[in-house]
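*Asks:* Okay, predicted coordinates and the sequence, questions at the end:
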Amino acid sequence: MAIDCLDQYIRDHIDSESDFLHSLWRDTQLRLSYGQMASGHIQGRLLKMLTCMIRPRIAVELGTFSGYSALCIAEGLEEGAVLHTFEKYDEQEDFTRPWFEKSPYADKIRFHVGDALTMIPEMGLSDIDMAFVDADKRHYTEYYEMLLPRMRRGGFILADNTLWYGHVVEENTRKSDLQTRGIKAFNDMLARDKRVEKVIVPVRDGLTLIRVKE
């Protein structure tokens, strides 16, 4: 109850989400399985704020889902900047692409359907200023190692769900629980990585902010 009250208190004391984003959120919950995966109001405003602070010219997102987080990032982009967002599962395209096309930020978003692990190297994307990782938790370490050499020095990687419903502090993880094992392995690897600075922000399900050292 206290957590729910605090959550509502935060919503009441931050910028509201736009009517467009609220409509997308509702449609996501009504039409898609696992609608809770969408970033939502609080994290969406944080993503927009971080984008404004980082001021990326090239941003990427791994894991588009319904497009809520992509639109929040695009909202924070300056004129001439672009977001490349990648969704692995092609069945998601019919839902998400129309929302992008009718959004106020359609000209800032490049929507790619396919595996970012292969597509980003094939596209030759480099000098990435900001990356938001919210895809298959089993492959977070692979995403990170693929992205890191393509980031500009001083750029930021934002990794979502790094507290993973609290499962990261459980001592014994089932061998079949590959999502939790992936997140724990990523967190442990990142804690030892001297190439970057990092901090976990305990918002929603954990958001790790990673800065590539100069």
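*Replies:* Yes, it's here. Residues are numbered from 1 along each chain as shown.
*Asks:* Give me the contacts around stretch 108-127.
*Replies:* Residues outside stretch 108-127 that contact it (Cβ atoms under 8 Å, 6 or more residues apart in numbering): 57-58, 60, 62, 64, 70-71, 74, 77, 81-88, 90, 92-93, 96-97, 100, 103, 135, 139, 142-143, 146-147, 150-152. The C-beta positions use only the backbone N, C-alpha and C, and glycine is treated the same way.
*Asks:* got it, and stretch 161-175?
*Replies:* Contacting residues not belonging to stretch 161-175 are listed as 134, 137, 177, 179-181, 183-184, 186-187, 200, 202, 205-208 [Cβ under 8 Å, 6+ apart].
*Asks:* just the helices in the chain please.
*Replies:* Secondary structure of the chain (DSSP state H): helices at 2-12, 19-31, 40-54, 68-76, 93-101, 116-123, 140-147, 178-192.
*Asks:* Out of those helices, indicate the one that is most buried.
*Replies:* Comparing those by mean neighbour count (mean count of other Cβ atoms under 10 Å), helix 68-76 comes out on top with a mean of 26.
*Asks:* how far is that helix from where the chain is centred?
*Replies:* Helix 68-76 sits 10 Å away from the centroid of its parent chain (Cα atoms, centre = their mean, to the nearest Å).
*Asks:* my guess is residue 44 meets residue 17, correct?
*Replies:* Yes: counting by Cβ atoms under 8 Å, residue 44 touches residue 17, with 6.1 Å between them.
*Asks:* Spatially nearest residue to residue 77 (excluding sequence neighbours)?
*Replies:* residue 108 (5.2 Å; Cβ to Cβ, 6 or more residues apart in numbering).
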